[in-house]
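A.B. asks: pasting the sequence and the predicted model now:
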Amino acid sequence: MLALAIDPGDGSELRYDLSKEVVSIGASSSNDVVLRSPGVAPVHFVIRRSGESVTFLGQPRQIVLLNGERRSRGVLTGGDRLKIGTATVVILSTTDEVVEPNSKEAGSSAEKQPAVGSEAEAVGEVKTRAEVVLYNEPKRLAEARRQLLEVFQSGLDSDLVSSLQNYLATVFEGRRALLAWLDHQGVLQPIVSNWTGAVPQLPIRTFAELAHGDRVAMLRGSGREALIYPVIVSGSDSRIYLMAETGEESRDEDRTLLAELAAMVAIHWARVEGSSELLGEWEADARANLESRLPGTSPAVRDLRERVLSASRSPGPALISGRVGSGRAYIASLIASLRPTGKPWIRVLQARGGDESALRVELFGSGTTIGARELAARAGGGVVVVRSIERMSIPLQAELAVMIGKDQGSDYGSKVRWILTVAESCEALMANGSIDQELFNHAARNLIRVPSLEERREDLPLVIVRMLKTIGDEQGKEIRGIALETLDSLLGYSFEGQMSELLSELRRLVSATPEGEMVRGSVRRVLTGSGDVAGGDIEGFDATAMLGEDDLKVVIPTVERLLIDRVLRRSLGNQSKAARDLNLSRGALIAKIKEYEIPDYRSLRRSKR
């Protein structure tokens, strides 16, 4: 027999003699002991008898004061007092001895219940039955969950940043809360915030622990507490965190809400990251800049602008593919110059195949030589562009992939932005094993293909007009448009050398145009970016046609290209010997080889052996 006395706090007392093994106490009428008093949950706690032992267990998020001590569970003996809200439960007896009832009429705040356990139950087998107890969630928690669903169930094109701002202000009313990312210097930068004053910072070891995904942090100081939850975004290099001030009364609810909010933000991170409000005026300026520097209305160019903008926002590696001369290096420079944090330090490296010792030193350093990555780190962050990675050996690509992986996996994110360029078909290069799989995976989130001129023929008139203005500024000339017949000849010409050949031809036309006049003339036979002459190969080039050309800007590059190609072929790619024969320094020869994209003939030495 379990004897209880209930003091609802108004001076009255109610006596219970219970023979059940399990006794529930709470405000719901389905309980064995109904106690309707301020601060009492629908099912507040349960008393269980097991032989001589009597214990109690508080229901989720419910506590009692056992003899003045806050407890959620414990062992009960005769004389113990459990305070629940304004009411008190007194344990009179936990033995089978009969205690004479002596109860007073209870007040309106408690309902009198008959003694449980009839004479039949006392002498017969005690029957047990399954029970379902329904109770309401705390009002704040239920309302916050409803609002959370409204935020993320909105249209896919809606801006989540403003919605999250309102959500934090409503759910954590009167308290500070924010969503922040960790920059490369280890400083939390707010994304969505109603935090006033300085944002608390944590030591590196704490962020390292939070990176495991199953850890949260409690920050205590100056009489305040703040919960910190990581937002684990799959496949992202960003370090994102939720932080909110909390207190003793709301701590459990805050933990639930922050955990659910972190999960939802992680799922919809692309919508947060791409928010126009997040990037503010930068995105509007970047879009205007891109429309000016990548003009055109074709689907290929619109897609290119969006991919360049997306890659500019992201700190992760990017991989740019396209035909030779299509402008891959130009796109890489655009990505570097458009990033929200400003124009960075930039280093461009060219992979050429063959002996890779020089490229290895440029990438990783050697002895007293500092590699590109370390140079960028010392500059406080930078961009390293590696061109034509398909010419690198697979082992060197694997080493580069390991370095990029270490940068992306650092606690504060990478200080180096890697941009890689590759020949037109990434799929074909992956199929034949010319690109390391891990290196490709690192850049898979920012794949950009530069369309050929054939794919954007409708854009050529606008492209030509914009380029003429730029070239006129370079040469210090005012150009008053282009003649229709000249434009027609340009539109009807097949630029095998892609954008680089078009640019070279326009420069020739502008140089021949007097100040303040209209560009006139027709397309001439000029060298393409691949080293061929438009309409024929280099060896079959018509010398008479070349000598009949009056423009030195056409004749001189053609002759230089022809002579350097011939001497390099004769010396089997020996650059030092070719430089002596051409009466050039080796450095000047290498610069011209890069300018004219002359093939590397060192392979002839290997085939001769």
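C.D. replies: Looks like it arrived, so ask away. Numbers count the residues shown, from 1 in each chain.

A.B. asks: how about the residue lying closest to Met499 once chain neighbours are set aside, what does it touch?
C.D. replies: Spatial nearest neighbour of Met499, chain neighbours left out: Gly327 (4.5 Å); criterion: CB to CB, 6 or more residues apart in numbering. C-beta here means a position set from N, CA and C on the backbone, and glycine is covered the same way. Shown in contact with Gly327 (CB atoms under 8 Å, 6 or more residues apart in numbering): Val450, Gln498, Met499, Ser500.

A.B. asks: for Glu478, see how far away Ser93 is.
C.D. replies: Distance of Ser93 to Glu478, computed by CB to CB, to the nearest Å: 107 Å.

A.B. asks: and those two? Which one has more around it.
C.D. replies: Per other CB atoms under 10 Å, whichever of Ser93 and Glu478 has more neighbours is Ser93, with 17 against 11.

A.B. asks: so what are the domain limits for the protein?
C.D. replies: As recorded under automatic domain parsing, the domains making up the chain are 2-123, 139-277, 280-451, 454-604.

A.B. asks: so Leu92: helix, strand or coil?
C.D. replies: strand (DSSP: H, G, I helix; E, B strand; the rest coil).

A.B. asks: low-confidence ranges in the stretch 151-300 of the chain?
C.D. replies: The stretch 151-300 of the chain contains residues with pLDDT under 70 at 154-159, 213, 236-237, 274-281.

A.B. asks: how about the helices in it?
C.D. replies: For the stretch 151-300 of the chain, the helices defined by DSSP state H, counting those that start in this stretch cover 160-171, 204-210, 251-267, 269-273, 276-279, 281-293, 299-313.

A.B. asks: before we move on, what about the stretch 351-500 of the chain?
C.D. replies: For the stretch 351-500 of the chain, applying DSSP H, counting those that start in this stretch gives helices covering 357-364, 372-378, 394-408, 426-431, 437-443, 460-475, 484-491, 498-511.

A.B. asks: show residues contacting the fourth one.
C.D. replies: In other words, helix 426-431. Residues outside helix 426-431 that contact it (CB under 8 Å, 6+ apart) are Leu319, Ser321, Glu390, Val422, Ala423, Ile435, Gln437, Phe440, Leu447, Arg449.

A.B. asks: over to the second one?
C.D. replies: Contacts made with helix 372-378 from outside it, assessed by CB under 8 Å, 6+ apart, are listed as 345, 347, 349, 362-365, 370, 382-384, 403, 407, 415-416.

A.B. asks: drop anything exposed from the residues you listed.
C.D. replies: Arg347, Leu349, Glu362, Leu363, Phe364, Gly382, Val383, Val384, Met403, Asp407, Lys415, Val416 (16 or more other CB atoms under 10 Å).

A.B. asks: what is the nearest of these to Ala579?
C.D. replies: For those, the closest approach to Ala579 (CB to CB) belongs to Glu362, at 21.3 Å.

A.B. asks: OK, contacts around the closest one?
C.D. replies: Leu349, Gly371, Ala372.

A.B. asks: surely Arg140 meets Glu253?
C.D. replies: Yes - contact criterion CB atoms under 8 Å: Arg140 and Glu253 qualify, at 6.1 Å.

A.B. asks: okay, those two: which has more neighbours?
C.D. replies: Shown here are Arg140 and Glu253; by other CB under 10 Å, Glu253 has more neighbours (17 against 14).

A.B. asks: TSV for the helices of the stretch 151-300 of the chain, including distance to Ile556?
C.D. replies: Shown next, in TSV, are the helices of the stretch 151-300 of the chain (distance: least, CB to CB, whole Å):
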stretch	distance to Ile556
helix 160-171	56
helix 204-210	58
helix 251-267	59
helix 269-273	50
helix 276-279	46
helix 281-293	29
helix 299-313	34
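
A.B. asks: what's the closest of these to Glu458?
C.D. replies: Comparing the helices of the stretch 151-300 of the chain by CB to CB, helix 299-313 comes nearest, at 9.3 Å.

A.B. asks: counting contacts, what elements does the closest one pack onto?
C.D. replies: helix 281-293, helix 328-338, strand 447-449 (3 or more CB pairs under 8 Å, 6 or more residues apart in numbering; DSSP states H and E).

A.B. asks: make a markdown table out of these and add mean neighbour count and distance to Ala263.
C.D. replies: What follows is the helices and strands packed on helix 299-313, written out as a markdown table (neighbours: other CB atoms under 10 Å; distance: least, CB to CB, whole Å):
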| stretch | mean neighbour count | distance to Ala263 |
| --- | --- | --- |
| helix 281-293 | 15 | 27 |
| helix 328-338 | 21 | 32 |
| strand 447-449 | 20 | 28 |
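
A.B. asks: out of the ones you listed, which gets nearest to His268?
C.D. replies: Closest among the helices and strands packed on helix 299-313, using CB to CB: helix 281-293, at 18.6 Å.

A.B. asks: which helices and strands does that closest one pack with?
C.D. replies: helix 276-279, helix 299-313, helix 328-338.

A.B. asks: kindly recompute the last result at 7 Å.
C.D. replies: Packed against helix 281-293 by the contact rule (3 or more CB pairs under 7 Å, 6 or more residues apart in numbering; DSSP states H and E) you find helix 299-313, helix 328-338.

A.B. asks: the first one to helix 328-338, inter-axis angle?
C.D. replies: When you say that, I think you mean helix 299-313. Interaxial angle of helix 299-313 relative to helix 328-338 (axes from the mean of the first three to the mean of the last three CA atoms, to 10 degrees): 50 degrees.

A.B. asks: who's in contact with the closest residue to Ala318 other than its chain neighbours?
C.D. replies: Among residues not flanking Ala318 along the chain, Asn446 sits closest, at 3.8 Å (CB to CB, 6+ apart). Counting by CB atoms under 7 Å, 6 or more residues apart in numbering, Asn446 touches Ser310, Ala311, Ser314, Gly316, Pro317, Ala318, Leu319.

A.B. asks: to Gly51, which of the helices of the stretch 351-500 of the chain lies closest?
C.D. replies: Nearest to Gly51 among the helices of the stretch 351-500 of the chain is helix 394-408; the distance by CB to CB comes to 60.2 Å.

A.B. asks: so which bits of the closest one are buried?
C.D. replies: Leu396, Gln397, Glu399, Leu400, Ala401, Met403, Ile404, Gly405, Asp407, Gln408.

A.B. asks: show me the contacts for the closest residue to Ala180 other than its chain neighbours.
C.D. replies: Distances taken as CB to CB, 6+ apart put Leu188 closest to Ala180, at 4.2 Å, once the chain neighbours are dropped. For Leu188, the contact set (CB under 7 Å, 6+ apart) comprises Ala180, Leu182, Val199, Gln201, Tyr241.

A.B. asks: the first one: neighbour count?
C.D. replies: Using other CB under 10 Å, Ala180 has 21 other residues around it.

A.B. asks: does it touch Pro190 like I think?
C.D. replies: Yes - counting by CB atoms under 7 Å, Ala180 does reach Pro190; the two are 4.9 Å apart.

A.B. asks: what sits in contact with each of those two?
C.D. replies: Shared contacts of Ala180 and Pro190, defined by CB under 7 Å, 6+ apart, comprise Val199.

A.B. asks: tell me where the longest helix sits in this protein.
C.D. replies: If you go by DSSP state H, the chain has its longest helix at helix 552-570.
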